[in-house]
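In: coords below, sequence missing:
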């Protein structure tokens, strides 16, 4: 999907700029800060602390740079939970670009470089164990085209490009597909806080919360399936 260019965000971590969409993959105020706040803290950690489940199924919409997956690995190494991580990506980035991303250096946890390489080099459609607490299944597909198993996932990382750039991913029918794939008690998190999104999620029966956003962004959304 068009040319992508490496950029550095305000917290020193890299992101990408998609020239065709005129959009960055993360907040320019800090890629790692945003992903930690929205997806790890208010999504994964929230669910872990609420349920204490021994196994968690995560579905990510938009593998992108692999940052959310790497942060989830980091979290899984310090928390007694087995995480099955499934990620959809329609337009994978080239290895020439992914190899330059500085997340492993900044996060600098044990074997972060090795794990990040495995995230990007693992085959599409193949489930692999990256650690003994984290397995990965990447699917090279569009969300609109994929069949999702009903009531499978515990946590949804909805990290698609903004509704103004990829409106087809935020349509009610697509959100319904995601909602139907969520177990009872599952958590949906996204950086987007548009009123239409919140109304649509509520219409699907989800309990919607507007939470403080990451640095540089006022709000984010978390929705829980009853």
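Out: Right, received. Where do you want to start? Remember, predicted model here, so these are calculated numbers, not experimental data.
In: in stretch 140-155, what's buried?
Out: 143, 148, 153, 154, 155 (16 or more other C-beta atoms under 10 Å). Any C-beta I mention is one placed from the backbone N, CA and C, and that applies to glycine too.
In: do the same with stretch 217-226
Out: 217, 220, 221, 222, 223, 224, 225.
In: what's the end-to-end length of stretch 115-134?
Out: End-to-end distance of stretch 115-134: 10 Å, with C-alpha to C-alpha, to the nearest Å as the criterion.
In: so what's the residue nearest to the spatial centre of the chain closest to, chain neighbours aside?
Out: Centroid-nearest residue in the chain: residue 157, 3.8 Å away (criterion: C-alpha atoms, centre = their mean). Of all residues not flanking residue 157 in the chain, residue 60 sits nearest, at 4.2 Å (C-beta to C-beta, 6 or more residues apart in numbering).
In: what is the burial count for that neighbour?
Out: By the criterion of other C-beta atoms under 10 Å, residue 60 has 25 neighbours.
In: helix/strand/coil for it?
Out: strand (DSSP: H, G, I helix; E, B strand; the rest coil).
In: about what we covered before: tell me which of the buried residues of stretch 140-155 fall in strands.
Out: Members of the buried residues of stretch 140-155 lying in strands (criterion: DSSP state E): 153, 154, 155.
In: so, low pLDDT: which residues of the protein?
Out: Within the chain, the stretches with pLDDT under 70 are 1-2.
In: what ranges do the helices span in it?
Out: 31-35, 46-51, 67-76, 95-98, 103-107, 112-121, 172-181, 195-203 (DSSP state H).
In: tell me the most buried of these?
Out: helix 31-35 (a mean of 26; mean count of other C-beta atoms under 10 Å).
In: contacting residues around that helix?
Out: 9, 11, 13-15, 25-27, 65, 67-68, 71, 103, 106-107, 191, 214-215, 217 (C-beta atoms under 8 Å, 6 or more residues apart in numbering).
In: OK, contacts around the residue of the chain most remote from its centre?
Out: Most distant from the centre of the chain: residue 203, at 23.0 Å, with distances by C-alpha atoms, centre = their mean. The contact partners of residue 203, taken as C-beta under 8 Å, 6+ apart, are residue 172.
In: try residue 62
Out: Contact analysis of residue 62 by C-beta under 8 Å, 6+ apart lists 87, 88, 89, 157, 158, 159, 160, 161.
In: neighbours of the fifth one, how many?
Out: Yep, that's residue 158 we're talking about. By other C-beta under 10 Å, 25 other residues sit near residue 158.
In: thought it was touching residue 190?
Out: Yes - counting by C-beta atoms under 8 Å, residue 158 touches residue 190, with 4.0 Å between them.
In: residues making contact with stretch 182-192?
Out: Outside stretch 182-192, the residues that reach it (C-beta under 8 Å, 6+ apart) are 27, 34, 38-39, 42-43, 46-47, 50-51, 57, 151-159, 162-163, 170, 178-179, 197, 201, 206, 213-214, 217, 220-226.
In: rerun that using 6 Å as the cut-off
Out: Stretch 182-192 has contacts (C-beta atoms under 6 Å, 6 or more residues apart in numbering) with 38-39, 42-43, 47, 151, 153-156, 158, 220-225.
In: same question for stretch 158-171.
Out: Contact partners of stretch 158-171, identified using C-beta under 6 Å, 6+ apart, comprise 21, 23, 61, 62, 143, 190, 194.
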